[in-house]
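Visitor: I need the structure of the sequence given here:
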Amino acid sequence: MQLTRSNQCPVIKIQRLAFVLLLGAIASFAFEGCALLRPHADPTRFYVLTVPSAPLKPAVGGEFKRWRVGLRPLEVESYLRTKFIVVRTGTNEIHFADFDRWAEPLDQGISRVLKETLGSAQNVESVALNSHGDDSLDFEVTVQILACHGMRAATGRSSIRFAATWEVRTIGTNSTVIKHGGFSAPTADWDGNNYSQLATQLSAAVAAAGKTLAADLPMEASPSGKTNTE
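Guide: Here you go, the predicted structure:
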């Protein structure tokens, strides 16, 4: 039996409608695909710890013997061993900033600032990083980093937190610990969003820890112009 014109029209209309919808879907997919292929700006920012530009004042005046100091590889809490800047948001809650990251491993950045700060102290001649029983040194220091992050309190106030402990040891077969010390940075405000400001505040805290560490080394008087190597 042949279809009449009245029977054919609805079928043709449905086919045409399906074809139009298919073309529309293809065009939409192609447009979205092109949008996905367009380059997007990367919002990630990278930061480093730096030594404050203002010179650090010696803890004590006078002429002192200058020591050769070795810094062992830092001991860092495991949650800080990440490329993301860490912000503590509660007693047991930590936020890892997705787009704000350290440009170098945090332990390396802290070691670098400690080295520069120690090296500028009156009682330090040189600082060697990642030392291990080097007989040419006078003292070796083991540092443990307990905290190095930002904090956001429930009250809305944001601040920084930096704390470290260390052990100063003599070199040689009869190596002994001469000092257990530590440093906890005083509260410093941070606006909670500016990670460059956070990095700057943490840098100042690390530098202050280095200054405190230098003061924990022996401060032995030395004739003017002479060092312990002369």
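Visitor: what sits closest to the most centrally placed residue in the chain if chain neighbours are left out?
Guide: Centroid-nearest residue in the chain: residue 106, 4.1 Å away (criterion: Cα atoms, centre = their mean). Nearest residue to residue 106, sequence neighbours excluded (Cβ to Cβ, 6 or more residues apart in numbering): residue 80, at 5.6 Å. To be clear about C-beta, it is placed using only N, CA and C from the backbone, and glycine gets the same treatment.
Visitor: distance check, that neighbour against residue 102.
Guide: 10 Å (Cβ to Cβ, to the nearest Å).
Visitor: hmm, residue 50 is touching residue 203, no?
Guide: Yes - counting by Cβ atoms under 8 Å, residue 50 touches residue 203, with 4.9 Å between them.
Visitor: looking at the two, which is more packed in?
Guide: residue 203 (20 against 17; other Cβ atoms under 10 Å).
Visitor: and the more buried one, what does it touch?
Guide: Contacts of residue 203 were listed using Cβ atoms under 8 Å, 6 or more residues apart in numbering, and they are 49, 50, 51, 52, 113.
Visitor: so the first one, which of the three states?
Guide: Right, the one you point to is residue 49. coil (DSSP: H, G, I helix; E, B strand; the rest coil).
Visitor: separation between it and residue 207?
Guide: 9 Å.
Visitor: give the residues shared as contacts by those two.
Guide: In contact with both residue 49 and residue 207: residue 113, using Cβ under 8 Å, 6+ apart.
Visitor: off-centre distance for stretch 153-164?
Guide: 16 Å (Cα atoms, centre = their mean, to the nearest Å).
Visitor: residues touching the nearest residue to residue 94 once chain neighbours are set aside, list them.
Guide: Leaving aside its sequence neighbours, residue 94 sits nearest to residue 88 (Cβ to Cβ, 6+ apart; 5.5 Å). By Cβ under 8 Å, 6+ apart, the contact set of residue 88 is 94, 95, 149, 150, 151, 152, 161.
Visitor: stretch 160-173 - what's its average pLDDT?
Guide: Averaging pLDDT along stretch 160-173 gives 94.
Visitor: just the C-alphas of it, formatted as CSV.
Guide: Provided in CSV are the C-alpha atoms of stretch 160-173 (Å, rounded to 0.1, in the frame of the first residue of the first chain):
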residue,chain,number,x,y,z
ILE,A,160,52.1,33.6,60.5
ARG,A,161,53.6,30.7,62.4
PHE,A,162,57.3,29.8,62.4
ALA,A,163,59.1,27.7,65.0
ALA,A,164,62.3,25.7,65.0
THR,A,165,64.6,23.9,67.4
TRP,A,166,68.3,23.1,67.0
GLU,A,167,71.3,21.3,68.5
VAL,A,168,74.8,22.7,68.2
ARG,A,169,77.5,20.0,68.3
THR,A,170,81.3,20.1,68.3
ILE,A,171,83.2,18.2,65.5
GLY,A,172,85.5,15.2,65.9
THR,A,173,85.6,11.8,67.6
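Visitor: buried residues in it?
Guide: Within stretch 160-173, the residues that qualify as buried are 160, 161, 162, 164, 165, 166, 167, 168, 169, 171, counting by 16 or more other Cβ atoms under 10 Å.
Visitor: try stretch 143-162
Guide: Those would be 143, 145-152, 158-162, for stretch 143-162 by 16+ other Cβ under 10 Å.
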